[in-house]
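K.L.:
okay, structure incoming, though there's no sequence with it:
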């Protein structure tokens with residue numbers, strides 16, 4: 001069980017994003033073949049690709065957080081010594097954590113309203129709450145990843161110089 005959790009911690013977002021990208025490429029490739037070779041367009045392909053793209057967008061926030069890939073002021077942070085960098089990043093992660101913990105209840109309410117609404121997608125007829133669950137899942141995963149980074153940075157701050 002520990003190995004499974006460790007594997008998920010290390011690879012979850014990457015695997016899901018690769019699957020999403022491959023699925024979008026295959027679906028749009030099938031659409032192109034159907035349209036230009038067989039002269040028949042698929043009614044569901046663009047819709048499904050759009051929904052996969054939405055999920056990939058929210059999952060990518062978690063991935064970027066985990067890998068520390070974000071827009072930041074590297075030159076400014078680079079001026080600090082090691083502990084100063086850790087303090088700056090720790091404070092930054094604190095604000096990020098507050099933001100995502102703040103957003104989670106709104107994403108939950110959004111999902112509940114989508115479930116109550118009962119709307120289905122026009123071409124495929126799938127419940128829209130499958131798509132509208134993406135913000136909630138993305139924000140929860142991102143909050144977890146920010147918390148992991150937060151712990152790492154604050155450990156660096158409080159570590160003795162010789163360690």
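P.N.:
That came in fine, so what should we check first? Fair warning: this is a prediction, and the values are worked out from it, not measured in the lab.
K.L.:
what about the residue minimising distance to the centre of the chain, which helix or strand?
P.N.:
The centre of the chain sits closest to residue 59, judged by C-alpha atoms, centre = their mean, with a distance of 2.0 Å. Per DSSP states H and E, residue 59 falls inside helix 45-66.
K.L.:
give me the contacts around that helix.
P.N.:
Helix 45-66 is contacted from outside by 13-14, 16-17, 20-21, 23-24, 27-28, 30-31, 34, 69-70, 96, 121-124, 130-131, 134-135, 137-139, 141-142, 144-146, 148-149, using C-beta atoms under 8 Å, 6 or more residues apart in numbering. (Glycine included, C-beta is placed from N, CA and C.)
K.L.:
list buried members of the residues you listed by neighbour count.
P.N.:
13, 16-17, 20, 23-24, 27, 31, 96, 121, 131, 134-135, 137-139, 141-142, 144-146, 149 (16 or more other C-beta atoms under 10 Å).
K.L.:
in strands, which of the residues you listed appear?
P.N.:
Judged by DSSP state E, the buried ones among the contacts of helix 45-66 include no members of strands.
K.L.:
just give me the neighbour total for residue 97.
P.N.:
Using other C-beta atoms under 10 Å, residue 97 has 18 other residues around it.
K.L.:
now it: how far from residue 103?
P.N.:
11 Å (C-beta to C-beta, to the nearest Å).
K.L.:
swap in residue 37?
P.N.:
44 Å.
K.L.:
so the two - more neighbours on which side?
P.N.:
Each of residue 37 and residue 103 has its neighbours counted (other C-beta under 10 Å); residue 103 has more, 18 against 8.
K.L.:
residues contacting that one?
P.N.:
135, 139.
K.L.:
worst-scoring helix or strand of the chain, pLDDT-wise?
P.N.:
One helix or strand of the chain scores below all others by mean pLDDT, DSSP states H and E: helix 74-78, with a mean of 76.
K.L.:
so where's this protein shaky on pLDDT?
P.N.:
72-73, 160-163 (pLDDT under 70).
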